[in-house]
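Chemist: All I have is the shape, not the residue letters:
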């Protein structure tokens, strides 16, 4: 592993609060080693700002290993930055060149109001799940786990859909700010599993209605969501969601 | 303070059932009259909130993350144990119980561990019913693997994302209750004080992280499921936000803190690359199945490329020292030996602050024997992750690994009901001390979090409420509540207005972490611990004098959040060292260099077969020790040996 020091110019979106005006502010990140993660580079910039008596850049982070879905920002126009299948916390500075300019913006979407700087409010995602993204099973009432065999390929496909980390990059990348990939991934995961059949129609209907109510746009098949998804969640689930919705429309309101 | 475990007696396999029969219940119609606060939304907190909501209680659930789905349980990779015996390899509840007591090096309570093993069966049923996509065999039945050296295959898994899928199961159940109105969710809210009134836990004071608003929440009882304290080391595999503030605030209000020195250091993490490093990343232990651990024999070789070091000059220290187990020795043994060889100047990789702390994990032999394709199938995603972080390709050059703190077995003391020494305060998951003794086995953290959340707390909470029936109402104007609010306001003000502000909180946190890691880490001795106990109060004093927080306390201020957590780590860190100094034996994750026999940990069952529960006295340097004796009726203490 070779160690290299680079200097960067950052143009960072600063916004005090949800209703305040925002603008880009320029900062210089000096002597950044290429082994740093992108967020560690921002930590260094922030620690410097604090020592100088200025307010640090607010950005979301937590696990820093690409699984909690907390972090996310648009780096030079791309959600989570230039490396495929990588959250911004796992992006490392060896992906950048000395002297490069980097533009940092929050997820921009009607459904994700800005909290501060690069931090947005993604509670709309929680409300989509609350609308029906679950299987109703009371604690203690489950039957023996192996009573219901599930074909391996079905379980594997359900796992592919369930891999979504709820980061919101799909919404940020979509020209319509649609939450279709997020919503479709959960609808698909649960509708594939035999456990999810009872509530299948109602779930699709309610989750899609909530997605619309949150102000997320519609899907018009740009595929930008799949391109930036750090977990490789497939566009095919959106097609499946649409089929689920049609299926729900021809079914009665309450499943028999 | 009196420690009463409230363990049932009689045959161990009947204890939990007997205990349930003897407990009080709350009638369905009366449940909605009870308000319950749950802090934390991980496996324990999320599962408890969902289950209590389903039963009809009024639940308020709090988490510091922006969504309950992001609790750190999500990062667990390996799997979850359950004594289903689906593989017909002789597993049973008793065997899981036995392995856990033995693995914990005889420092846990037998009754609790048996219950955990018993409940493991129901957890899998529950998770499958929720739609958790566990790995399956071609016949459609659940797949299992052997994990962490277990002699049976009892680990259930969902690719390398078991924690994520189990947490999403709990989160979805919780979401259903939020929609039903039984649970009110407060994301981005941090608990900063416990409200104790008339000797009982009656609520919490929170700060909304987005607005800075400080609010009291009053209830009939409080359940803390706020995780462990690995971040006292600054660098750990925990999420950056993981903290001890909720448990430490409760400790300061009278909850005993048990066995704080029991911490687990995981041997296969990616080493620190520089002083700026913010966290460490764990890679599955399964890598040791095919990788060989070595360092150069000669100090002058440590900067050479590994391929330029001939076979004869490589020191396969685990294979040489432990011929029977080799590279598969338990976590603590593997970790300690990495420390010793790097102490001897044989560490590899970049020097950080003048030290090379890394050892090679080499797959060349396995690739030669099995082919690159097989290794790719087994570990492809781990190799990719390693390359993303380090820029090195492990198919061509050995990985570099080093131990990192991963889990804390210590936590708030609880009885069999998971009730702390403050009546009405219950503690679940990693936040309590209960089930793992001095060492946790692989794939059992998820098991304990879910056992507590789905099956123990919903029941013992009902028992508590059944006993107290109705509590007198507590108004927000009451002096006990006002004092708690005032304490939070004062603390925020004090942090924001240090007399000589110079540095961000991380500056102090890194220094604290270095002291704890070096003096109270993988290998400890009295002299080093005493040095730490001199150093920590000095650093703490410097922190309060020089911490610098810019911005205001009235909106999102991440520096302020971190400063409050660091302040509590300073006090907890001191208690860890006091506990480690007191425990004059080696057991599990606690290795005292003075107490060993030919390099193996030497337990002292005559003098230390007890839980050390520390009471806050107002002076962090002088906590009061209470002892809960441990007795072993079923699993007779034996020595662990891996030679």
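Modeler: All right, it came through fine. Here the structure is a predicted model, which is why all the values come from computation and not from measurement.

Chemist: who's in contact with the closest residue to residue A:193 other than its chain neighbours?
Modeler: For residue A:193, ignoring the flanking residues on the chain, the nearest one in space by Cβ to Cβ, 6 or more residues apart in numbering or on different chains is residue B:131 at 4.8 Å. (C-beta placed from N, C-alpha, C; glycine too.) When contacts are counted by Cβ atoms under 8 Å, 6 or more residues apart in numbering or on different chains, residue B:131 touches A:135, A:158, A:189, A:190, A:193, A:195, A:196, B:169, B:172.

Chemist: switch the cut-off to 10 Å
Modeler: For residue B:131, the contacting residues are A:134-135, A:137, A:158, A:162, A:186, A:189-196, B:165, B:168-169, B:172, by Cβ atoms under 10 Å, 6 or more residues apart in numbering or on different chains.

Chemist: Next: residue B:413.
Modeler: Taking Cβ under 10 Å, 6+ apart as the contact definition, residue B:413 lies against B:1, B:3, B:5, B:251, B:255-259, B:419-421, B:427, B:432-434, B:611-615, B:626, B:628.

Chemist: Mind checking which of the residues you listed are buried?
Modeler: Burial by neighbour count, judged by 16 or more other Cβ atoms under 10 Å in any protein chain shown, picks out B:3, B:5, B:251, B:255-259, B:419-421, B:427, B:432-434, B:611-615, B:626, B:628 from the contacts of residue B:413.

Chemist: low-confidence ranges in chain B?
Modeler: Scanning chain B for pLDDT under 70 picks out B:641-643.

Chemist: What residue spans form the domains of it?
Modeler: Chain B breaks down into these structural domains: B:265-406, B:495-608 (assignment by automatic domain parsing).

Chemist: Let's have those domains in CSV, adding mean neighbour count and distance to chain A.
Modeler: Compiled in CSV, the domains of chain B are given as follows (neighbours: other Cβ atoms under 10 Å in any protein chain shown; distance: least, Cβ to the nearest Cβ, whole Å):
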stretch, mean neighbour count, distance to chain A
domain B:265-406, 18, 4
domain B:495-608, 19, 4
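
Chemist: Quick check: residue B:247 is in a strand.
Modeler: No: Residue B:247 sits outside any strand when classified using DSSP: H, G, I helix; E, B strand; the rest coil, being helix.

Chemist: Pull out the buried residues from stretch A:79-91.
Modeler: Residues of stretch A:79-91 classed as buried: A:79, A:80, A:81, A:83, A:86, A:87, A:88, A:89, A:90, A:91 (neighbour count, 16+ other Cβ under 10 Å).

Chemist: What segments of the stretch 401-550 of chain B are strands?
Modeler: Per DSSP state E, counting those that start in this stretch, the stretch 401-550 of chain B has strands spanning B:411-412, B:425-427. These are given in chain order.

Chemist: out of these, which comes closest to residue A:111?
Modeler: For the strands of the stretch 401-550 of chain B, proximity to residue A:111 was assessed by Cβ to Cβ; strand B:425-427 is nearest, at 36.7 Å.

Chemist: Which ones among the contacts of residue B:131 map onto helices?
Modeler: Taking DSSP state H as the definition of helices, the contacts of residue B:131 contribute A:158, A:162, A:186, A:189, A:190, A:191, A:192, B:165, B:168, B:169, B:172.

Chemist: Let me see the contact set for residue B:277.
Modeler: The neighbourhood of residue B:277, defined by Cβ under 10 Å, 6+ apart, consists of A:35, A:36, A:37, A:40, A:43, B:234, B:235, B:270, B:271, B:352, B:510.

Chemist: Kindly reformat those residues as TSV containing distance to residue A:227 and secondary structure.
Modeler: Listed next are those as TSV, based on distance: Cβ to Cβ, whole Å; DSSP: H, G, I helix; E, B strand; the rest coil:
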residue	distance to residue A:227	secondary structure
A:35	27	coil
A:36	25	coil
A:37	22	strand
A:40	26	helix
A:43	28	helix
B:234	36	coil
B:235	34	coil
B:270	28	coil
B:271	33	coil
B:352	36	strand
B:510	38	helix
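
Chemist: any idea which of the residues you listed is the one closest to residue A:152?
Modeler: When the contacts of residue B:277 are compared for distance to residue A:152 (Cβ to Cβ), residue B:270 comes out closest, at 31.9 Å.

Chemist: I'd say that closest one and residue B:390 touch.
Modeler: Yes: the pair formed by residue B:270 and residue B:390 meets the contact definition of Cβ atoms under 10 Å, at 6.4 Å.

Chemist: Between the two, which contacts overlap?
Modeler: With contacts defined as Cβ under 10 Å, 6+ apart, the residues shared by residue B:270 and residue B:390 are B:281, B:349, B:399, B:400.

Chemist: Which strands or helices does the host helix or strand of the last one pack on?
Modeler: Going back to what we said before, that points to residue B:400. When elements are defined using DSSP states H and E, residue B:400 is found to belong to strand B:399-408. Using 3 or more Cβ pairs under 10 Å, 6 or more residues apart in numbering or on different chains; DSSP states H and E as the contact criterion, the secondary-structure elements in contact with strand B:399-408 are strand B:263-269, helix B:331-343, strand B:359-362, helix B:372-390, helix B:505-519.

Chemist: show me where the stretch 101-250 of chain B has strands.
Modeler: So, for the stretch 101-250 of chain B - with DSSP E, counting those that start in this stretch - the strands run B:155-156, B:183-186, B:189-197, B:200-208, B:214-218, B:221-224.

Chemist: same check, this time on chain A
Modeler: Taking DSSP state E, the strands of chain A run over residues A:5-15, A:22-33, A:74-75, A:78-79, A:101-105, A:114-116, A:119-120.

Chemist: Give me the packing partners of the longest one, helices and strands only.
Modeler: Helices and strands touching strand A:22-33, as assessed by 3+ Cβ pairs under 10 Å, 6+ apart, comprise strand A:5-15, helix A:38-51, strand A:101-105.

Chemist: most packed of those?
Modeler: The highest average neighbour count among the helices and strands packed on strand A:22-33, using mean count of other Cβ atoms under 10 Å in any protein chain shown, belongs to helix A:38-51 at a mean of 21.

Chemist: circling back to that earlier point, is it possible to get CSV of the strands of chain A that adds mean pLDDT and distance to residue B:90?
Modeler: What follows is those, written out as CSV (pLDDT from 0 to 100; distance: least, Cβ to Cβ, whole Å):
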stretch, mean pLDDT, distance to residue B:90
strand A:5-15, 98, 57
strand A:22-33, 97, 52
strand A:74-75, 98, 53
strand A:78-79, 98, 50
strand A:101-105, 98, 56
strand A:114-116, 97, 54
strand A:119-120, 98, 52
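
Chemist: wouldn't residue B:51 be in contact with residue B:460 here?
Modeler: No: in this structure residue B:51 lies outside contact range of residue B:460 using Cβ under 10 Å: 11.9 Å.

Chemist: quick one: contacts for the residue nearest to residue A:28 when sequence neighbours are not counted?
Modeler: Once its chain neighbours are removed from consideration, residue A:28 has its nearest residue in residue A:9; the separation is 5.9 Å (Cβ to Cβ, 6+ apart). Each residue near residue A:9 by Cβ under 10 Å, 6+ apart is listed here: A:26, A:27, A:28, A:29, A:99, A:100, A:101, A:102, A:103.

Chemist: nearest spatial neighbour of the residue of the stretch 101-250 of chain B found nearest chain A, skipping sequence neighbours?
Modeler: Using Cβ to the nearest Cβ, residue B:140 is the residue of the stretch 101-250 of chain B that sits closest to chain A, at 2.9 Å. Distance criterion Cβ to Cβ, 6+ apart; nearest residue to residue B:140, sequence neighbours excluded, is residue A:149 at 2.9 Å.

Chemist: Much appreciated, bye for now.
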